[in-house]
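>>> kindly generate the corresponding structure for this input.
(one chain, ligands or ions: 4)
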Amino acid sequence: MYQIGTTLTQYIIEEQHTFAGARGQFTGLLNDIATACKKLASLTKKGALVGVLGTANSENVQGEIQKKMDIISNDVFIEALENNGHVAALASEEMETVYNLKVGKPRGSYLVTFDPLDGSSNMDVNVSVGTIFSILRAPVGIENPSAEDFLQAGTQQVAAGYCLYGPSTIMVLTTGRGVSMFTLDSSCGEFILTRDHVKIPEDTKEFAINVSNQRHWELPMQRYIQECIEGKEGVRGKDFNMRWVASMVAEVHRILTRGGVFMYPMDEKMRKAGKEGKLRLLYEANPMGMVIEQAGGLASTGRERILELQPYALHQRVPVVLGSKNEVQRVVDYHLA
Ligand code: AHG
Ligand code: MN
Ligand code: MN
Ligand code: MN
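Ligands and ions are numbered 1, 2, ... in the order given. Alright, predicted model coming up:
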């Protein structure tokens, strides 16, 4: 039980006590992540004033043209994490291979995967963006962990969360004992606990999906959305609302706040392009899946629980359906029917 107003620093010192054999590394690691997020909150706020908007002349392993902030935020994360002896290696959306620490840097007991800037297409239009992170245990006694060491199921995550850079900067964290939200108080530079034991309403009237892909969707998704759109007059007997921020962090945050269902399903266009979904398992779907489940929601591919998937590649993609329990269950039922 934490008091609203507790600082993130106090909170993570207490959480550390729940890990057997903990040696302060976990506290240190979460502090490093918080430091990176504070820097990114500051940079995203300054925007054009510090020249961080616009596109870089490079492509990432996903085949996306990188935004300047994709690269900057990746560098900010590496800088905050590689010097303090809390991590053994890193993996990110913006790096093709595992990032191993330089020779001589102290090795820690954790692996971190991260999406340094989620929703980066929103940067230039001044709409919410975020950072997503997942913490795994590193293999013992290995100097330079490999990609295989990162291929752990989502159920193995020690902690996961995200930081949303919106009207306020909000860090959302789970260590497997519920979900807590911290708001950055820029006057003292601390994240302050502003909501604890977050629970997602089981029912909802709000869905989030990129409808421009509708013609490519599989039949179960066509059916689900069609029924939502039919509203009161259809089989659902209630009207639905729709939102699409194009930033998963913002969508998940809305769902944690007032319920809803977020979908980036598999479709024919992706199948033809040899893709298994849009979102990435290790640094988008798994950490968000853990947060959603810890808040009482469900996270599925439409057919399987995301957190139980055995990963086979660092940048593996998956279909994602997550949010309010009863609504996600309905989507899954349609897929399995
Ligand atoms: P990223 O900016 O990290 O590459 O992630 C973008 C993701 C996700 O945040 C969002 O839900 C989705 O892609 C947006 O997709 P559309 O471009 O189809 O709107
Ligand atoms: Mn991207
Ligand atoms: Mn992303
Ligand atoms: Mn990203």
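
>>> correct me if wrong: residue 5 contacts residue 193.
Yes. Using CB atoms under 8 Å as the test, residue 5 is close enough to residue 193 to be in contact (6.4 Å). Placement of C-beta: from N, CA and C, glycine included.

>>> those two: which is more packed in?
Between residue 5 and residue 193, counted using other CB atoms under 10 Å, residue 193 has the larger neighbour count: 20 against 9.

>>> so the more buried one: helix, strand or coil?
Secondary structure state of residue 193, per DSSP: H, G, I helix; E, B strand; the rest coil, is strand.

>>> pull the contacting residues for it.
For residue 193, the contact set (CB atoms under 8 Å, 6 or more residues apart in numbering) comprises 2, 3, 4, 5, 6, 7, 8, 11, 180, 181, 182.

>>> and which of those is nearest residue 326?
The nearest member of these to residue 326, counting by CB to CB, is residue 181 at 23.2 Å.

>>> which helix or strand contains that closest one?
Using DSSP states H and E, residue 181 falls within strand 179-185.

>>> what packs against that strand?
Packing contacts for strand 179-185, counted by 3 or more CB pairs under 8 Å, 6 or more residues apart in numbering; DSSP states H and E, involve helix 8-16, helix 25-46, strand 169-174, strand 190-195.

>>> hmm, 6 Å instead?
With contacts taken as 3 or more CB pairs under 6 Å, 6 or more residues apart in numbering; DSSP states H and E, strand 179-185 sits against strand 169-174, strand 190-195.

>>> Throw those into JSON lines and include distance to ligand 3 and mean pLDDT, thanks.
Listed next are the helices and strands packed on strand 179-185 as JSON lines, based on distance: least, CB to the ion, whole Å; pLDDT from 0 to 100:
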{"stretch": "strand 169-174", "distance to ligand 3": "15", "mean pLDDT": "98"}
{"stretch": "strand 190-195", "distance to ligand 3": "21", "mean pLDDT": "98"}
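
>>> filter the contacts of residue 193 down to the buried ones.
Listed as buried from the contacts of residue 193 are 6, 7, 8, 11, 180, 181, 182; burial here means 16 or more other CB atoms under 10 Å.

>>> and the last one, what are its bridge partners?
Which is residue 182. According to DSSP bridges, the residues that bridge with residue 182 are residue 171, residue 193.

>>> can I assume it is in contact with residue 191?
Yes. With the criterion set as CB atoms under 6 Å, residue 182 and residue 191 qualify as a contacting pair; they are 3.6 Å apart.

>>> which residues are common contacts for these two?
Common contact partners of residue 182 and residue 191 (CB atoms under 6 Å, 6 or more residues apart in numbering): 8, 171.

>>> what mean pLDDT does stretch 143-157 get?
Averaged over stretch 143-157, pLDDT sits at 97.

>>> and that stretch, what's buried?
Going by neighbour count (16+ other CB under 10 Å), the buried part of stretch 143-157 is 145, 147, 149, 150, 151, 152, 153, 154, 157.

>>> and those as a markdown table, adding distance to residue 136?
Conversion of those to a markdown table gives the following (distance: CB to CB, whole Å):
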| residue | distance to residue 136 |
| --- | --- |
| 145 | 10 |
| 147 | 12 |
| 149 | 8 |
| 150 | 7 |
| 151 | 10 |
| 152 | 5 |
| 153 | 10 |
| 154 | 10 |
| 157 | 6 |
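
>>> in helices, which of the residues you listed appear?
When the buried residues of stretch 143-157 are checked against helices (DSSP state H), the matches are 147, 149, 150.

>>> of these, closest to ligand 4?
Distance from ligand 4 was checked for each of these by CB to the ion. The minimum falls on residue 150, at 17.0 Å.

>>> give the contact list for the closest one.
For residue 150, the contact set (CB under 6 Å, 6+ apart) comprises 91, 111.

>>> tell me the spacing between it and residue 200.
Between residue 150 and residue 200 the computed distance is 28 Å (CB to CB, to the nearest Å).

>>> for the buried residues of stretch 143-157, work out which two are farthest apart.
Maximum pairwise distance among the buried residues of stretch 143-157 (CB to CB): 18.0 Å, between 145 and 154.

>>> turn the contacts of residue 193 into TSV, columns for pLDDT and distance to residue 63.
Converted to TSV, the contacts of residue 193 look like this (pLDDT from 0 to 100; distance: CB to CB, whole Å):
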residue	pLDDT	distance to residue 63
2	87	42
3	93	47
4	92	44
5	92	45
6	95	43
7	96	41
8	95	36
11	93	39
180	98	36
181	98	34
182	98	35
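
>>> among these, which one lies nearest to ligand 3?
Scanning those for proximity to ligand 3, where the rule is CB to the ion, the winner is residue 181, at 19.8 Å.

>>> element containing residue 69, please.
With elements delineated by DSSP H and E, residue 69 resides in helix 68-81, which encompasses its position.
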